[in-house]
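Engineer: make a model of this:
(chains A, B, C and D)
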Protein chains: 2
Amino acid sequence: MAKGQGLDDQLCFALYAASRAMTRAYQPLLDPLGLTYPQYLTLLTLWEDDGQRVSALGERLHLDSATLTPLLKRLEAQGLVTRRRSSQDERVVQITLTEAGWDMRQRAGHIPLAMLCHTGLELGELAALREQLKTLTARIRA
Amino acid sequence: MAKGQGLDDQLCFALYAASRAMTRAYQPLLDPLGLTYPQYLTLLTLWEDDGQRVSALGERLHLDSATLTPLLKRLEAQGLVTRRRSSQDERVVQITLTEAGWDMRQRAGHIPLAMLCHTGLELGELAALREQLKTLTARIRA
DNA sequence: CACGATTCAATCGTGCGCAAATTAATCGCC
DNA sequence: GGCGATTAATTTGCGCACGATTGAATCGTG
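Structural biologist: Residues are numbered from 1 along each chain as shown, chains lettered A, B, ... in the order given. Below is the predicted model:
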């Protein structure tokens, strides 16, 4: 049996397992807000930069419109965002936070710190791991 | 604006993005074999330990039977595994690799090294990152 | 101005991922 | 042996992800 071929030797499985564990860890915090994990990430993006078009959100989150369109419709149905065609360019749909969408920012404000505690990582460890993952992601995508 | 609240500050997003980037990177290698990424991980598990029951696979992969049952049916439809009820306990379904399932191990044998090259990581870096992710996963699940 | 190429979002089809409900078999305890 | 509790897998329903296609608006070039 060649070495490095087992499930537990694979970085890909460690990533896959960690990512799903992380998603599950967020769920008890997001459920009371009526949000899913990708919806929360989408709101994080909008809180940083409101009024983005769908394609810009997609570039930021690395999701395509086939994923975002229905997700944004669900956020709209919850009254958190509005979807409006640009008058300058009718192809473009701009996503804008509603009052409730901005309010959600406060309601979700405790989540990052709660998750930081949950991971049990020092701030420095967290930053180091995050940067390693970003580097890895950039290399993989290249 | 509070610090540590932005999308790019979140470890969760770095993990989420890295995991999906990794999955996409495997795809060109798996497509010719007719496998998806979770199917490949499932086969890795079976190559290590053939004849496992569905619940054992689930514990190994941290997937529940609602995910595995249809996935395993698709692997069975491709002729890579057989699903058979245990005669000792009719509730249990045992998953066994077929000849084609074992052959696939050779056909997929180049993938780990190819992906290692693709990440551009040294063996030591990879092992370190992998162990950090495992530790993180264990802490999150605790 | 015309018209092919491009861009943008939406749609369609497939395969996860997981909570909740279901069905069938086994276990435990009397 | 009988019967409620438990266990194993399946099914159902929903929300991502993503490749591929579509349809509409805009751009670019002649």
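
Engineer: show me where chain A has its helices.
Structural biologist: Using DSSP state H, the helices found in chain A span residues A:11-30, A:37-48, A:54-61, A:65-77, A:99-107, A:111-119, A:123-141.

Engineer: need the residue closest to the centroid of chain A.
Structural biologist: Of all residues in chain A, the one closest to the mean position by C-alpha atoms, centre = their mean is A:Leu41, 2.7 Å from it.

Engineer: how far away is the residue in chain A that chain B sits nearest to from DNA strand D?
Structural biologist: Using C-beta to the nearest C-beta, A:Ser19 is the residue of chain A that sits closest to chain B, at 3.7 Å. Using the backbone N, CA and C atoms, a C-beta is placed for each residue, glycine as well. Per C-beta to the nearest atom of the strand, to the nearest Å, A:Ser19 is found 8 Å from DNA strand D.

Engineer: doesn't B:Ala17 make contact with that residue?
Structural biologist: No - using C-beta atoms under 8 Å, A:Ser19 is not in contact with B:Ala17, being 9.1 Å away.

Engineer: near DNA strand D, which residues of chain A show up?
Structural biologist: Neighbours of DNA strand D within chain A, by C-beta under 7 Å from any atom of the strand: A:23, A:36-39, A:62-67, A:70-71, A:74, A:88-91.

Engineer: please spell out the ChimeraX selection for the buried subset of these.
Structural biologist: To isolate the buried members of the residues of chain A next to DNA strand D in ChimeraX, using 16 or more other C-beta atoms under 10 Å in any protein chain shown:
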select /A:23,36,37,39,63,71
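
Engineer: that older thread, you'd agree the residue nearest to the centre of chain A is up against B:Tyr16?
Structural biologist: Yes - look at A:Leu41 against B:Tyr16 with C-beta under 8 Å: they come within range, at 7.0 Å.

Engineer: list, one by one, the residues from chain A near DNA strand C.
Structural biologist: So chain A meets DNA strand C at A:16, A:20, A:23-24, A:27, A:53-55, A:58, A:64-66, A:68-70, A:72, A:83, A:89, A:91-93 (C-beta under 7 Å from any atom of the strand).

Engineer: which non-adjacent residue is nearest the residue of chain A closest to chain B?
Structural biologist: Nearest residue to A:Ser19, sequence neighbours excluded (C-beta to C-beta, 6 or more residues apart in numbering or on different chains): B:Ser19, at 3.7 Å.

Engineer: cool, and A:Val54?
Structural biologist: Nearest one to A:Val54, counting by C-beta to C-beta, 6+ apart, is A:Val93 at 5.1 Å.

Engineer: mind listing the residues bridging to the one you found?
Structural biologist: A:Arg85 (DSSP bridges).
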